[in-house]
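Enquirer: Sequence first, predicted model second:
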Amino acid sequence: VLLTAFFASKLEHESKHCNGKGFQRPGSSAFDRVYTANQNCGHAYPTFLAVLWCAGLLCSQAPAAFAGLMYLFVRQKYFVGYLGERTQSTPGYLFGKRIILFLFLMSVAGILNYYLIFFFGSDFEMYIKTITSAISPLLLIP
């Protein structure tokens with residue numbers, strides 16, 4: 001919520017500094033960058049919430065929470081990078097994709113473990129939790 005409020009305040013600040021009414025402000029590259037960054041972050045948020053919830057529920061809560069906090073930090077970096085040159089936002093974007101992939105793979109591992117228990121009676125939950133706990137700090141590597 002705080003991150004979204006920050007994005008909205010930046011958008012409002014740039015909107016007040018531009019002349020004209022409405023969102024069609026020709027020649028306002030600063031406003032366009034802020035508006036585009038805000039829209040990009042808003043569009044990615046539902047996907048993030050879905051995979052975060054599934055990863056925490058189906059696999060392991062601690063690595064999912066760590067990845068979620070990292071994702072929020074990375075989105076902040078993406079947004080601030082987008083305010084500068086567009087190339088400054090690329091590392092945040094790529095880092096965010098890697099975190100979403102990690103959360104998605106955690107969700108898939110949890111689902112596969114459920115079906116292994118259901119059909120074969122084999123439970124690999126401890127192995128999956130150990131692996132995800134070991135891999136989650138690797139998300140810090142740029």
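Expert: The structure has been received and is ready for your questions.
Enquirer: The residue nearest the centre of the chain is in what secondary structure piece?
Expert: Centroid-nearest residue in the chain: residue 71, 4.1 Å away (criterion: C-alpha atoms, centre = their mean). In the assignment (DSSP states H and E), residue 71 maps to helix 61-83.
Enquirer: Give me the next element, helix or strand, following that helix.
Expert: Under the assignment DSSP H and E, the closest C-terminal helix or strand after helix 61-83 is helix 90-120.
Enquirer: Against which helices or strands is the next helix or strand after that next one packed?
Expert: Next helix or strand after helix 90-120 toward the C-terminus (DSSP H and E): helix 125-135. Here helix 125-135 touches helix 61-83, helix 90-120, going by 3 or more C-beta pairs under 8 Å, 6 or more residues apart in numbering; DSSP states H and E. For every residue, glycine as well, the C-beta is placed using N, CA and C.
Enquirer: How many residues are close by residue 112?
Expert: Counted by other C-beta atoms under 10 Å, the residues lying close to residue 112 total 14.
Enquirer: List the residues that contact the residue nearest to the centre of the chain.
Expert: 48, 52, 96, 99, 100, 103 (C-beta atoms under 8 Å, 6 or more residues apart in numbering).
Enquirer: Tell me where the model's unsure across this structure.
Expert: Applying pLDDT under 70 to the chain flags the ranges 1-4, 8, 11-12, 14-28, 85-86.
Enquirer: switch to 50 and redo it
Expert: Along the chain, the parts satisfying pLDDT under 50 run over 25.
Enquirer: Residue 55 contacts residue 103, doesn't it?
Expert: Yes - contact criterion C-beta atoms under 8 Å: residue 55 and residue 103 qualify, at 4.4 Å.
Enquirer: Brilliant, that's me finished.
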